[in-house]
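1. Here is my input; please provide its structure:
(2 chains)
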Amino acid sequence: MASNYDKWVEIATKQMKGKSPDTLNWRSPEGITVKPLYTSDDLQGLNFIDKQPGMAPYTRGPMATMYAGRPWTIRQYAGFSTAKASNEFYRKNLAAGQKGLSVAFSLSTHRGYDSDNPRVAGDIGKAGVAIDSIEDMKILFDGIPLDQMSVSMTMNGAVIPILAMWIATAEEQGVKQEQLNGTIQNDILKEYLTRNTYIYPPEPSMRIVSDIMAYCSKNMPRYNTISISGYHIMEAGADSVLQCAFTLADGVEYVRTALKAGMDVDTFAPRLSFFFGVGMNFFMEIAMLRAARTLWYELMQQFNPKNPRSSMLRTHVQTSGWSLTEQDPYNNIIRTTIEAMAAVLGGTQSLHTNSFDEAVCLPTEFSARIARNTQIIIQEESQVCKVADPLGGSYYIERLTNDIVEGARKIINEVEELGGMAKAIASGMPKMRIEESAARRQARIDQGKDVIVGVNKYRLKDEKLDFEILEVPDSVRLEQIERINQTKKNRDSARCQAALEAITKAAAGDGNLLEVAIEAAKARATVGEISDAMEKVFGRYTATTQCVSGAYSSEYSEVNDESAQVIEALRKRTNDFAEKHGRRPRILVTKMGQDGHDRGIKVVASSYADLGFDVDISPMFQTPEEAAKMAIENDVHVVGASSLAAGHKTLVPELIEELKKQGASEILVVAGGVIPPNDYDFLYNAGCKGIYGPGTPITQSAANVLDLIEGK
Amino acid sequence: MQRDPAYYIQGVLDNNRLQLARTITLVESTLVTHQEIARDVINELLPHTGKAVRLGITGVPGAGKSTFIESFGSMLANKGHRVAVLAIDPSSTRSGGSILGDKTRMEQLAINPNAFIRPSPSGGSLGGVARKTRESMLVCEAAGFDVIIVETVGVGQSETTVASMVDFFLVLQISGAGDELQGIKKGVLEVADAIVVNKADGDNINRAKLAKKQYETALHLVKPTSPNWMPPVMTCSAVEKTGLEEVWETIINHKKIMTNTGELQQKRREQAMSWMWFLVNEGLEVWFYQHPEVKSRLPQLQKRVEDGSIAPTRAADELVSILGKDLLF
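-> Here you go, the predicted model:
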């Protein structure tokens, strides 16, 4: 079939007054050259295009009829600060048409701390529900039949106590283990890459993963023991090729771990599920999901599975949180709709759509309803479900799918050369790649190369917040502590002690940790106690922080325009500052509390250094007191506290207080991240000098920080 | 902010963490007015210095320096030692800025009340690092820290500069793919008082042992740092905290031998002397580059050397003779 491409070039050239249409080529962040037109020529050599949905390599989808047979599952991730509030929310959503549950946990729970631990005073109930013991879990699922309801739990660090408590809760409801249905995220590798909600070092953590796979494949055949997550990799700033590559490489590592533990590939591989993030690069996102399925099939063949389901990638998708803006936030509804469409056209099995207010706070009932309805409307009003893989055969989509497969395959090979993902993570390679990608994206946004409506283009003059904001009252923490005390008082302490000792023994030997933890959960041991019982043997992991340099400004040097001048002007200011004051402006960027999202501070650190600041980075999970000590020892001019999980109202004022107490009130404090505008006054009154919400260009915050240091 | 010398001196002697930190900032400052105060401060503090173990640590990026210092320093701090860590981080040559991330890898030590960690940007000039770090070391000694660890990345000449200000210079290595000696510079071997092969843990133990053998052979080929000291090669695991006691014993033993033979005192005298000469050289450089006539003529002469209209020797001569004009002879 002739494509008539040459003829098109002729016409296009004429239309463009003699300029070649090649000048319209766009180089995507992934490094893929996207052309203005694709034709049948572009399908040459692609060997997956004649394979249909339900056929290997599953490019067109894992099921033969896809949504024509059954639409994707609407699964909204949500967790309010208490078990009771979350339970009410779940019940309401189930009544409103939601088919599965997805639980978000408190940061304190993720890290294996009980609510009465002083380290986590600022974290309880932030970002999700705090679970301390089975008593909380029972409240969470009160009146929800666990033999019928598929429950997805986002838990990676404290995965043993949480899963054990859930299983024990079901049993106390009278539900048998083999009836249980759902997914636990249990993807610890990506925690070391991006989100940092791990507890133990990588090796024992991988052993926990394989213990869970072993236990569930024997006792809970309908349960998905892992959800290999690219979402957080994308949110950390990875482009589509990086997300695809590192996620699949994680998957391969888990398969190897299970095989090493003596399991047969077909007993666990069909239960592996994936979790991808989908952003605003519409066709790229669709192609990424198709590429991931294609490549996963290819990667699995080395393990010789007999069951076809073992090489079939099934995935959950969440729309991007990073793409949401604090400015003009109703735009986020539109963004989420576009991203949801991409996920659907890419063939996801389940989907979470974000609420429009998530750049500002946790979702309210209202915003959660809009988010859920976004999916229902696509499913029930738009008629897109009638045909399986409707974009299959599109020259562009098929070619792009192949381009991503090739790009990702190259990176996976690099990972393999390093000895697999665990070793690659230890080498720091994936983290550096992701951070570099993040810094470049930030630079493109700051320059307006990547347009974000309402932020770097068409920005509103007067912005006013006209929707309600969900706040987590401090009483949540006190209620949790009260329940811990009750539980500890009423339990059989000898039984509990024996169960905890059994966990320590299993950790040191080779007993199955989940199995012994279920008994501990029934004996009313707390999340903190079970975690500690393992920590005695495993130790607690501390991250090493690396930071790229030069990536931010290198995006700028590509263009020689106004934005490049902004960078130069700031560099001149930092140089002048150094000449005047005898040293460069010095900033400590810190992340206090248990929130492990460190993309923000990494991007800030890397970019500020590029602008001529001396930038200190604090370890993760600092208390305000520790952050103050570091600010003082390093004698910085200013501390920048990053908050993405609602801890700012306690942690930032405490830091200011602590600096004052130690005689260093000269050190300024600024804050950045997800901070609702309604809290600005509160923070200013507490002594915070600058607040930089999402979407603030780095160059703008840096200029403001310089103004503050210079007393302007 | 300008404060008088007494503020700094008293603060350091009182071991006030805030004032100690500010004194180091003062010492590091490039402003002439600050440097004048710093000179007074250092002079006053000098009688209170000299009692600490001065330890330099270097290693290629990835050798696990920070992790080693985290474990090693924590061990010493928990024994009751007061440990100061001065870490030198390279600054970007393009922006002048830097990323100081050492403490993220020294999480426990950073919050230990017996420890003080101060990362410093190299600021582009490694010579500058030497002066600042040496003076910062004295400041920490005066504040009562009895173990001072100076950490530097293995780039440029920074290792030899650091070696010239400490009593004991430790080179941290890891075992790699078997070609260990590739990664080590001869100049570094010559100033090493010990080589420690880190990451001797897990499936890496045998490789670490092999690397130890290779370094031992290599060390036999260079002249030892002292006739009374043959630099040992040891293995350790900073992560599993093994071999660290042995490292400390070696350092103490070295100090004992060097003190008994009088070499330590001699070494410190020589270091003071070379420090003076270093400062003289640096002063000359500053004098030269800050000279208004040099500043005004330099660009044009540079251009002429580039286009070949003047010989480099001639241009250098003209530039240097500018300084001569200031001399009255």
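2. check which helix or strand covers residue A:481.
-> helix A:475-490 (DSSP states H and E).
3. Determine the three-state secondary structure at residue A:445.
-> Three-state call for residue A:445 (DSSP: H, G, I helix; E, B strand; the rest coil): helix.
4. From residue A:650, how far out is it?
-> 30 Å (Cβ to Cβ, to the nearest Å). Using the backbone N, CA and C atoms, a C-beta is placed for each residue, glycine as well.
5. what's the neighbour count on residue 232?
-> This is for chain A. Residues lying near residue A:232 (other Cβ atoms under 10 Å in any protein chain shown) number 28.
6. should've been chain B
-> Residue crowding around residue B:232 was assessed by other Cβ under 10 Å; the count is 19.
7. tally of neighbours for the closest residue to it other than its chain neighbours?
-> Distances taken as Cβ to Cβ, 6 or more residues apart in numbering or on different chains put residue B:194 closest to residue B:232, at 5.4 Å, once the chain neighbours are dropped. Neighbours of residue B:194 under the rule other Cβ under 10 Å: 21.
8. show me the contacts for residue B:194.
-> By Cβ atoms under 8 Å, 6 or more residues apart in numbering or on different chains, the residues touching residue B:194 are B:168, B:169, B:170, B:171, B:231, B:232, B:233, B:234, B:247, B:250, B:251, B:254.
9. Quick one: residues contacting the residue in the stretch 551-700 of chain A positioned nearest to chain B.
-> In the stretch 551-700 of chain A, the residue found nearest to chain B is residue A:582; the distance is 3.2 Å by Cβ to the nearest Cβ. Listed by Cβ under 8 Å, 6+ apart, the contact partners of residue A:582 are B:28, B:29, B:30, B:31, B:34.
10. What is the neighbour count of the second one?
-> Going back to what we said before, that points to residue B:29. 18.
11. Got the phi and psi for it?
-> phi -60, psi 150 (degrees, to the nearest 10).
12. my guess is it contacts residue A:583, does it?
-> Yes. Using Cβ atoms under 8 Å, residue B:29 is in contact with residue A:583, at 5.8 Å.
13. List phi and psi for the residue in the stretch 101-250 of chain B that chain A sits nearest to.
-> The stretch 101-250 of chain B approaches chain A most closely through residue B:104 (3.6 Å), counting by Cβ to the nearest Cβ. Phi and psi for residue B:104, reported as degrees, to the nearest 10, are phi -70, psi -20.
14. Can you tell me how far residue A:290 is from chain B?
-> Here the criterion is Cβ to the nearest Cβ, to the nearest Å. By it, residue A:290 lies 38 Å from chain B.
15. show me what contacts that residue?
-> Contacts of residue A:290 (Cβ under 8 Å, 6+ apart): A:59, A:60, A:346, A:347, A:397, A:401.
16. Which secondary structure state does residue A:227 sit in?
-> Residue A:227 ends up strand, using three-state DSSP.
17. beta partners of it?
-> With DSSP bridges as the criterion, residue A:227 is bridged to residue A:273.
18. circling back to that earlier point, looking at the contacts of residue A:582, which is nearest residue B:145?
-> Distances from residue B:145 to the contacts of residue A:582, taken as Cβ to Cβ, are shortest for residue B:28 (17.3 Å).
19. Show me what the host helix or strand of residue A:439 packs onto, helices and strands only.
-> Assigned by DSSP H and E, residue A:439 belongs to helix A:429-447. Based on contacts counted as 3 or more Cβ pairs under 8 Å, 6 or more residues apart in numbering or on different chains; DSSP states H and E, the elements that helix A:429-447 packs against are helix A:240-260, helix A:395-417, helix A:421-427, helix A:551-557, helix A:599-610, helix A:698-709.
20. Can you flag the weakest of the ones you listed by average pLDDT?
-> With a mean of 67, helix A:551-557 has the lowest mean pLDDT of those.
21. Now for residue 174: which residues touch it?
-> Picking chain A for this. Contacts of residue A:174 by Cβ under 8 Å, 6+ apart: none found.
22. My question was about chain B, not that one.
-> Counting by Cβ under 8 Å, 6+ apart, residue B:174 has contacts B:59, B:62, B:63, B:64, B:197, B:198, B:199, B:208, B:211.
23. Sort out for me which of the residues you listed are in helices.
-> B:208, B:211 (DSSP state H).
24. Just the buried residues of the contacts of residue B:174.
-> B:59, B:63, B:64, B:197, B:198, B:199, B:208, B:211 (16 or more other Cβ atoms under 10 Å in any protein chain shown).
25. Would you check that the fourth one makes contact with residue B:210?
-> No. At 9.4 Å, residue B:197 does not count as touching residue B:210 under the criterion of Cβ under 8 Å.
26. List the residues that are in contact with both of the two.
-> residue B:175.
27. Reformat the contacts of residue B:174 as CSV; add distance to chain A and pLDDT.
-> As requested, the contacts of residue B:174 are arranged in CSV below (distance: Cβ to the nearest Cβ, whole Å; pLDDT from 0 to 100):
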residue, distance to chain A, pLDDT
B:59, 15, 83
B:62, 8, 75
B:63, 13, 81
B:64, 9, 84
B:197, 18, 91
B:198, 14, 89
B:199, 10, 85
B:208, 16, 84
B:211, 18, 82
